[in-house]
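[1] starting from these lines, generate the structure:
(2 chains)
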Amino acid sequence: MPRETFHQELEALVGDLLELGEEVKSTLSRMVEGLERRDAEVCRGELGIDARFKLRGAEIDEECMILQARQAPVARDLRLLYTVQTVANHLVRAGTLGEHICRVVVDTAGEEKEEALESVLIQMAKAAKELMDRGLAVFKSRDIDGARDLRAMDDEVDLMYAEAMNLIANPPTGNRGSPEWRAKAALVVHYLERIADHGVSLGNRTVFLVTGERIENAMLQYRERGDSK
Amino acid sequence: MRIFGETKERMDKRQADRRQGAPGEREVQTRTAPAVERAQEMVVENLSAYYGNFKAITDVSMHIRPNKITALIGPSGCGKSTFIRTLNRMHEVAPGGRIEGRVLLDGEDIYARDVDPVRVRRRVGMVFQKPNPFPTMSIYDNVVAGLKLTRRRKKSELDEIVERTLRQAALWDEVKNKLSESGTSLSGGQQQRLCIARTLAVEPEVILMDEPASALDPISTQKIEDAMEELKERYTVVIVTHNMQQAARISDYTGFFYIENMGDPGRLWEFDETDKIFSNPGRKETEDYVTGRFG
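    Down below sits the predicted model:
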């Protein structure tokens, strides 16, 4: 008994999820732009958008629950529904963190800043956004090879995290930036690291979706195949 | 060497762990009481079944574990019912029915020359799709019908068997006050449970069920499924079902039968723990079938 309606509903659900992903990407773009250009105006438009993300996330959750109740999905369909729910969660959280950073940009617009730290923040913001973009692309195209690259990219973000924290704890002599900005910068560093992690998770979830294995096992099998060649 | 933050030692260890627990070797953990001795395993080796010149199934090997429910699923005409009928030598009753290969019950080939098929059918009982109580008999007589063919028993002994088997079939409470009424006075779902009780009365070791709930309403289906959960504490159960959710709900192992091309014989395409079949099956055709992409 082919279940065409159900599979159409699943496709529509994935479409909704990808739409949410595009919205989150757009917020993260504004976040990078705002940081890079010290542009409070571009960030002001994003304030409060996390409420919208949360609402969309809740709608997707509900749709998943209804499909589970009505269609009793199994195997690939079951993994897809589970993955959609977790991916939606990652997107909502990453988007919410992006909104928080935009708020910091707006709140600290008039504050004095220190350039070394600021440039690390900008670099890190670009890397975090790139990770989310790529994570979403991995999910969209089910590209599990791409999921491995995400982990390497995340290692770089972790290095920048350490660098930024070091600059916050041991500011260069001379211009240190205002205390308020320095405190907020620490939060931004933390948020960016979280956003990058959500990007990596999108890849991990995709590996589970495609292989049915957690990424550690899946990659192990990948390596075994490589060895036997 | 580190791969994705893992040392090679840890990965090797995990790999070894996984090998130890390779599918087919580990037992499914279930909540049932310790196995009773009666339940037997069945081992099928390279079984092919024919109707005359037509080969219905080919080269099926399967290990049916004791005190577990094994579900057989697959599209229509793929040989599930033929297969289940080979397990108690019912297939050879069909015109031109014969098999190749071996079917071992507790290590003995049920197709060996000196084996009496009637004895096999007593040890391996069968419940059919349509409830078929003997129409002229009372509920009580239906349950003990199979016993009366063997040897004389005391009334008290028969009473005990009737109550025990009707309880196991989850029917006792509904019929205990009308045991002398006709079996056909019961509803379809009750009749089917009566047939299960009748099968249990002769104390089989394995119970085969060919779509036992397909003609029943959801409540009766649920009662049959509940009864099966009880049954596996004492018996080995094999069930053919078209209801995939039923297979997912009740079985410990699932076998997927499939015909690759029209006219080919059916094959056992995949056999694994039910959890695996319904979450991450190993073969594409299995996945396409359980997710309703064909069939």
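[2] show me where pLDDT drops low in chain A?
    A:1-2, A:219-229 (pLDDT under 70).
[3] right, and chain B sits closest to which residue of it?
    The minimum distance from chain A to chain B, using CB to the nearest CB, falls at A:G212 (3.0 Å). C-beta: built from backbone N, CA, C; applies to glycine.
[4] please tell me how far the closest residue to B:R153 other than its chain neighbours sits from chain A.
    Once flanking residues are discounted, B:R153 sits nearest to B:L147: 6.4 Å by CB to CB, 6 or more residues apart in numbering or on different chains. Separation of B:L147 from chain A (CB to the nearest CB, to the nearest Å): 41 Å.
[5] for the residue of chain A closest to chain B, list the residues it contacts.
    A:79, B:279-280 (CB atoms under 8 Å, 6 or more residues apart in numbering or on different chains).
[6] so where does the residue nearest to B:R153 fall, helix or strand?
    Using DSSP states H and E, B:L147 falls within helix B:139-148.
[7] kindly export that helix (C-alpha atoms) in PDB.
    Extracted in PDB, the C-alpha atoms of helix B:139-148 (Å, rounded to 0.1, in the frame of the first residue of the first chain):
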ATOM      1  CA  ILE B 139     -17.100 -24.200  23.500                       C
ATOM      2  CA  TYR B 140     -15.800 -26.800  25.900                       C
ATOM      3  CA  ASP B 141     -15.800 -29.600  23.400                       C
ATOM      4  CA  ASN B 142     -14.100 -27.400  20.800                       C
ATOM      5  CA  VAL B 143     -11.100 -26.800  23.200                       C
ATOM      6  CA  VAL B 144     -10.700 -30.500  23.900                       C
ATOM      7  CA  ALA B 145     -11.500 -31.800  20.400                       C
ATOM      8  CA  GLY B 146      -7.800 -32.500  19.700                       C
ATOM      9  CA  LEU B 147      -7.300 -34.300  23.000                       C
ATOM     10  CA  LYS B 148     -10.100 -36.700  22.500                       C
END
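[8] which stretches in the stretch 101-250 of chain B count as strands?
    Ranges of strands within the stretch 101-250 of chain B are B:108-109, B:124-127, B:206-210, B:236-240, based on DSSP state E, counting those that start in this stretch.
[9] ok, residues contacting the first one?
    Residues external to strand B:108-109 that are found in contact with it (CB under 8 Å, 6+ apart): B:102-103, B:115.
[10] chain center to that strand, what's the gap?
    19 Å (CA atoms, centre = their mean, to the nearest Å).
[11] circling back to that earlier point, just the ones in strands from the contacts of A:G212, please.
    If you go by DSSP state E, those have nothing in strands.
[12] show me the shaky parts of the stretch 51-200 of chain B.
    The stretch 51-200 of chain B contains no residues with pLDDT under 70.
[13] swap in 90 and give it another go.
    Counting by pLDDT under 90, the stretch 51-200 of chain B has low-confidence residues at B:76-77, B:129, B:146-153, B:170.
[14] now for the closest residue in space to B:Y253 that isn't next to it in sequence: which residues touch it?
    Leaving aside its sequence neighbours, B:Y253 sits nearest to B:T70 (CB to CB, 6+ apart; 4.6 Å). For B:T70, the contact set (CB under 8 Å, 6+ apart) comprises B:62, B:64, B:236-239, B:251-255.
[15] of these, closest to A:V200?
    Distance to A:V200 across the contacts of B:T70 (CB to CB) is lowest for B:T254, with 34.7 Å.
[16] am I right that that closest one sits in a helix?
    No: counting by DSSP: H, G, I helix; E, B strand; the rest coil, B:T254 is not found in a helix; it is strand.
[17] pLDDT score for it?
    Looking at B:T254, its pLDDT is 97.
[18] that one: neighbouring residues, count only.
    Neighbours of B:T254 under the rule other CB atoms under 10 Å in any protein chain shown: 26.
[19] how about A:T173?
    5.
[20] separation between it and A:E111?
    19 Å (CB to CB, to the nearest Å).
[21] go on, A:I49?
    23 Å.
[22] again with A:G57
    The spacing between A:G57 and A:E111, counted by CB to CB, is 32 Å.
[23] who has more neighbours out of those two?
    The neighbour count for A:G57 versus A:E111, taken as other CB under 10 Å, is higher for A:G57 (21 against 15).
[24] for the more buried one, which non-adjacent residue is closest in space?
    A:V92 (3.8 Å).
[25] again with B:F271
    Distance criterion CB to CB, 6+ apart; nearest residue to B:F271, sequence neighbours excluded, is B:G255 at 4.4 Å.
[26] B:I219 too?
    Residue nearest to B:I219 in three dimensions, not counting chain neighbours: B:G189, with 7.1 Å by CB to CB, 6+ apart.
[27] Provide a list of residues in contact with that neighbour.
    B:216-217, B:219-221, B:223-224.
[28] circling back to that earlier point, touching, the residue nearest to B:R153 and B:L200? I think so.
    No: with contact defined as CB atoms under 8 Å, B:L147 does not count as touching B:L200 (10.8 Å).
[29] on that earlier part again, could you pick out which of the contacts of strand B:108-109 are near chain A?
    Taking CB under 8 Å from any CB of the partner chain as the test, chain A is in contact with none of the contacts of strand B:108-109.
[30] out of these, who's nearest chain A?
    Nearest to chain A among these: B:V103, at 30.0 Å, using CB to the nearest CB.
[31] hang on, isn't the closest one packed against B:S48?
    No: taking contacts as CB under 8 Å, B:V103 lies outside contact range of B:S48: 11.6 Å.
[32] so which of the two has more stuff around it?
    B:V103 (24 against 18).
[33] quickly list what that one is bridged to.
    Applying DSSP bridges to B:V103 gives these bridge partners: B:V44.
[34] now do it against B:G52, distance only.
    B:V103 is 20 Å from B:G52, by CB to CB.
[35] find the nearest non-adjacent residue to A:E163, please.
    According to CB to CB, 6+ apart, the nearest residue to A:E163 is A:V120 (5.5 Å).
[36] wait, the one you found touches A:A164, no?
    Yes: counting by CB under 8 Å, A:V120 touches A:A164, with 4.6 Å between them.
[37] quick one: which of the two has more around it?
    The neighbour comparison of A:V120 against A:A164 (other CB under 10 Å) goes to A:A164, with 25 against 21.
[38] the more buried one: which element?
    Element membership of A:A164 [criterion: DSSP H and E] is helix A:144-169.
[39] and that helix, which residues are buried?
    Buried residues in helix A:144-169, counting neighbours by 16 or more other CB atoms under 10 Å in any protein chain shown, are found at A:144, A:146-148, A:150-151, A:153-154, A:157, A:160-161, A:163-165, A:167-168.
[40] what separates that helix from the chain centre, distance-wise?
    Taking CA atoms, centre = their mean, the mean C-alpha location of helix A:144-169 is offset from the chain mean by 13 Å.
[41] and that helix, what other elements does it pack with?
    Judged by 3 or more CB pairs under 8 Å, 6 or more residues apart in numbering or on different chains; DSSP states H and E, helix A:144-169 is in contact with helix A:115-141, helix A:179-211, helix A:215-228.
[42] same thing but at 7 Å, please
    The helices and strands touching helix A:144-169, judged by 3 or more CB pairs under 7 Å, 6 or more residues apart in numbering or on different chains; DSSP states H and E, are helix A:115-141, helix A:179-211.
[43] now the stretch 101-250 of chain B against chain A: closest residue?
    Nearest to chain A, among the residues of the stretch 101-250 of chain B, is B:Q245, at 5.3 Å (CB to the nearest CB).
[44] leaving out chain neighbours, which residue sits closest to that residue?
    In space, and not counting its chain neighbours, B:Q245 is closest to A:A72: 5.3 Å by CB to CB, 6+ apart.
[45] how many residues are close by the one you found?
    By other CB under 10 Å, 15 other residues sit near A:A72.
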